[in-house]
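K.L.:
Quick one, fold the following:
(4 chains)
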There are 4 protein chains.
Amino acid sequence: MTAVMKDTDAIKEKIYAKHGHDLYMRDMGLEILELREGYVKSRIPVKKEHLNSYGYVHGGVLYGFADVSAGLAASMCGYCVVTLEGSMHYLDPAEQTEYIYCEAEALREGKNMMFYHVRLTTDAGKAVDDGTFTFFNTHNPLPG
Amino acid sequence: MTAVMKDTDAIKEKIYAKHGHDLYMRDMGLEILELREGYVKSRIPVKKEHLNSYGYVHGGVLYGFADVSAGLAASMCGYCVVTLEGSMHYLDPAEQTEYIYCEAEALREGKNMMFYHVRLTTDAGKAVDDGTFTFFNTHNPLPG
Amino acid sequence: MTAVMKDTDAIKEKIYAKHGHDLYMRDMGLEILELREGYVKSRIPVKKEHLNSYGYVHGGVLYGFADVSAGLAASMCGYCVVTLEGSMHYLDPAEQTEYIYCEAEALREGKNMMFYHVRLTTDAGKAVDDGTFTFFNTHNPLPG
Amino acid sequence: MTAVMKDTDAIKEKIYAKHGHDLYMRDMGLEILELREGYVKSRIPVKKEHLNSYGYVHGGVLYGFADVSAGLAASMCGYCVVTLEGSMHYLDPAEQTEYIYCEAEALREGKNMMFYHVRLTTDAGKAVDDGTFTFFNTHNPLPG
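P.N.:
Alright, predicted model coming up:
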């Protein structure tokens, strides 16, 4: 326990408020299922405007979903974070599923640099993507 | 020169037709400015629904744009390709620009594996992102 | 179970024999602690010629160790594989440890493409690096 | 021009002195051919202990060479830098060449984060690898 307790409930409230104003996340239909320090579980519905010509969810949608999700976990530090780099490996087509689920877990949350591993799965639990995202902590408090 | 000449005009026609049916690319407003073997130049307009809370274009939009653009260049092989992995480095915020431009250039186009370097810039020519995408050539001819 | 059983013992024998002739792995002092389909656990001793000016193990040594280890797991398919791409995230300095341990686990082993997640740790179990490696299965049987 | 001019000659001297003490770089036989702000050109001789079972230079050697080279370019800022992440794409086997050449060029050199693109080539100029490295500027002056 640190001398100054972090008010994680207040931080979560700020994150949810910010999330509500983000049109990209809203258009995506992103739902936060679980959010705590170093971890988030979220999901998006598969929409027909997100399918490529093979009938699979576009890689850009999956990446954007993963980036935003990892960013939510990183924001639990209470500060604004910016993505430095992200990478995604496409393991299996994202198809025959109503939702795509994302679990992002901290690999390391340092003072400046924060690293997250993400894993996207279908309704049936099939792993479709595996990625890593690096964020920089700006040390600017979350607005609100 | 190979014994059987590739009909690049016919391939381009198929790519443009496929592109026209892709809702994700259409929603993004993706325009192809130049397309030839191993190279594409494209652009998207910056839309307010693509901005994050800092007023910058979302990393997921930039990545999706880059992925699709590199895929267009790769499709000039005449076959359907699938993205194996992609990575993006965020160099500078994508802001104060009407369009984002993408140039994707082949690093190597092998029989099975195809590698592309992408570079995203603003109207003023500022580099905002740098990425790499790897595709697998399915050897299934492009439809059409 | 497939119609033709894979003789994993024969494959392991070939991998060990190949490993024994690899000067790079031998110089590194790589030891295989556990090897099975989709998984390897290995270790290298920390040598003073592998330390950088901060006294930490060089990133190139850690990457090479991870690449080779993931390649051993991939070789359990019975065929020669080649690395297509690899990435490493440096979480914490590799210091104050006698050995570096690597666990590589398959994310997906497809017919052509094989993806592995690697995690490097110290004697004390501290995670120092996290990476991903992609291999192409050449379908050329392992020699021996 | 900044108010306080950087003494690039003094910085280069410190980098060369540090380089001379690095056993990993010395064992590798790394030679700096050109070094200036945002850029380095270097080379290593191909040694038989660096070849894999196919007779190609090991991916770990190529990565380590690229990482160290990009780090030399980054060190021209005058401060100690640490690698945050690196990725390499293997385009073509590194074979039939006496040396491997590396050119590392800055993509962006920010206050905290520094990004470099690297390209490895053979004597004949064939591109064998393409990579990206991200460094964190510790703002601790180079020793010496």
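
K.L.:
Run the chain-centre distance for the longest strand along chain A.
P.N.:
Criterion DSSP state E: the longest strand present in chain A is strand A:127-141. Taking the mean C-alpha point of strand A:127-141 and that of its whole chain, the gap between them comes to 8 Å (C-alpha atoms, centre = their mean, to the nearest Å).

K.L.:
Show me what it pairs with in its sheet, parallel or antiparallel.
P.N.:
Strand pairing for strand A:127-141, using DSSP bridges, gives strand A:79-90 (antiparallel), strand A:113-121 (antiparallel).

K.L.:
Put the alpha carbons of it into CSV.
P.N.:
Listed next in CSV are the C-alpha coordinates belonging to strand A:127-141 (Å, rounded to 0.1, in the frame of the first residue of the first chain):
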residue,chain,number,x,y,z
ALA,A,127,-8.2,-17.1,-30.3
VAL,A,128,-8.2,-14.9,-33.4
ASP,A,129,-5.5,-12.3,-32.6
ASP,A,130,-2.6,-11.8,-30.3
GLY,A,131,-1.0,-8.4,-29.9
THR,A,132,1.2,-6.1,-27.8
PHE,A,133,0.8,-2.4,-27.2
THR,A,134,3.1,0.1,-25.6
PHE,A,135,1.9,3.3,-24.0
PHE,A,136,3.7,6.4,-22.7
ASN,A,137,2.4,7.8,-19.4
THR,A,138,2.1,11.6,-20.0
HIS,A,139,1.5,12.2,-16.2
ASN,A,140,-1.3,14.5,-17.1
PRO,A,141,-4.3,13.6,-14.9
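
K.L.:
Now it: buried residues?
P.N.:
Neighbour counts over strand A:127-141 (16 or more other C-beta atoms under 10 Å in any protein chain shown) mark A:128, A:129, A:130, A:131, A:132, A:133, A:134, A:135, A:136, A:137 as buried. No exception for glycine: its C-beta is placed from N, CA and C like everyone else's.

K.L.:
what do you get for stretch A:24-43?
P.N.:
Here stretch A:24-43 shows A:24, A:25, A:28, A:30, A:32, A:35, A:38, A:40, A:41, A:42, A:43 as buried, counting by 16+ other C-beta under 10 Å.

K.L.:
ditto for stretch A:53-71
P.N.:
The neighbour-count check on stretch A:53-71 (16+ other C-beta under 10 Å) flags A:56-71 as buried.

K.L.:
Of these, just say which sits nearest to chain C.
P.N.:
Nearest to chain C among these, counting by C-beta to the nearest C-beta, is residue A:70 at 12.7 Å.

K.L.:
wait, that closest one sits on residue A:115?
P.N.:
No. Look at residue A:70 against residue A:115 with C-beta atoms under 8 Å: they stay out of range, at 9.2 Å.

K.L.:
Are there residues contacting both of the two? Which ones?
P.N.:
A:133, A:135 (C-beta atoms under 8 Å, 6 or more residues apart in numbering or on different chains).

K.L.:
For residue A:75, which residues are in contact?
P.N.:
Contacts for residue A:75 were tallied using C-beta under 8 Å, 6+ apart; they are A:11, A:15, A:18, A:81, A:142.

K.L.:
10 Å instead, please
P.N.:
A:11-12, A:14-15, A:18-19, A:35, A:40, A:81, A:114, A:135, A:137, A:142 (C-beta atoms under 10 Å, 6 or more residues apart in numbering or on different chains).

K.L.:
rewinding a little: any chance of the strands paired with strand A:127-141 in JSON lines, plus mean neighbour count and mean pLDDT?
P.N.:
JSON lines is the format used below for those (neighbours: other C-beta atoms under 10 Å in any protein chain shown; pLDDT from 0 to 100):
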{"stretch": "strand A:79-90", "mean neighbour count": "24", "mean pLDDT": "97"}
{"stretch": "strand A:113-121", "mean neighbour count": "23", "mean pLDDT": "98"}
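
K.L.:
Out of the ones you listed, which is closest to residue D:93?
P.N.:
Closest to residue D:93 of the strands paired with strand A:127-141, according to C-beta to C-beta: strand A:79-90, at 22.6 Å.

K.L.:
returning to what we had before: got CSV for the strands paired with strand A:127-141, with distance to residue D:97 too?
P.N.:
Formatted as CSV, the strands paired with strand A:127-141 follow (distance: least, C-beta to C-beta, whole Å):
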stretch, distance to residue D:97
strand A:79-90, 29
strand A:113-121, 35
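
K.L.:
in what helix or strand does residue A:34 lie?
P.N.:
Residue A:34 is located in strand A:31-36, with elements delineated by DSSP states H and E.

K.L.:
Number of residues surrounding the nearest residue to residue A:123 once chain neighbours are set aside?
P.N.:
Distances taken as C-beta to C-beta, 6 or more residues apart in numbering or on different chains put residue A:97 closest to residue A:123, at 4.6 Å, once the chain neighbours are dropped. Residue A:97 has 18 neighbours, counted by other C-beta atoms under 10 Å in any protein chain shown.

K.L.:
so what's the residue nearest the centre of chain A up against?
P.N.:
A centroid search over chain A (C-alpha atoms, centre = their mean) returns residue A:69, at 0.7 Å, as the residue closest to the centre. Listed by C-beta under 10 Å, 6+ apart, the contact set of residue A:69 reads A:25, A:30, A:32, A:35, A:40-44, A:101-104, A:116, A:118, A:120, A:133.

K.L.:
Tell me the residues of chain A that contact chain D?
P.N.:
Contact residues (C-beta under 10 Å from any C-beta of the partner chain) of chain A with chain D: A:82, A:84, A:85, A:87, A:110, A:112, A:113, A:115, A:132, A:134, A:136.

K.L.:
Of the buried residues of strand A:127-141, which is the nearest to residue C:52?
P.N.:
Taking those together and measuring to residue C:52 by C-beta to C-beta, the closest member is residue A:134, at 20.9 Å.

K.L.:
for stretch A:136-144, the distance to its chain's centre please.
P.N.:
The chain centre lies 17 Å from the centre of stretch A:136-144; the measure is C-alpha atoms, centre = their mean.

K.L.:
Next: stretch A:12-20.
P.N.:
That offset, for stretch A:12-20, works out to 13 Å (C-alpha atoms, centre = their mean).

K.L.:
got the contact list for that stretch?
P.N.:
Contact with stretch A:12-20 is made by A:7, A:25-26, A:30-32, A:35-36, A:40, A:42, A:68, A:71-73, A:75-76, A:78, A:80, A:141-144, B:52-53, as judged by C-beta under 10 Å, 6+ apart.

K.L.:
for it, what is the average pLDDT?
P.N.:
In this model, stretch A:12-20 has an average pLDDT of 90.

K.L.:
Would you confirm that residue A:11 belongs to a helix?
P.N.:
Yes. Assessed with DSSP: H, G, I helix; E, B strand; the rest coil, residue A:11 lies in a helix.

K.L.:
how about it, what does it touch?
P.N.:
Residues counted as contacts of residue A:11 (C-beta under 10 Å, 6+ apart) are A:35, A:37, A:75, A:76, A:77, A:78, A:79, A:141, A:142, A:144.

K.L.:
thinking again about what came up before, and which of the contacts of residue A:75 is nearest to chain C?
P.N.:
Looking across the contacts of residue A:75 and measuring by C-beta to the nearest C-beta, the closest to chain C is residue A:114, at 10.4 Å.

K.L.:
which ones are touching the residue nearest to the closest one when sequence neighbours are not counted?
P.N.:
Closest residue in space to residue A:114, ignoring its immediate chain neighbours: residue A:135 at 4.4 Å, by C-beta to C-beta, 6+ apart. With contact set as C-beta under 10 Å, 6+ apart, residue A:135 has these partners: A:67, A:70-71, A:73-75, A:77, A:79-86, A:109, A:112-116.

K.L.:
ok, now residue A:57?
P.N.:
A:44, A:46-47, A:50-51, A:65, A:93-95, A:97, A:100, A:120, A:122, A:128-129, B:24.
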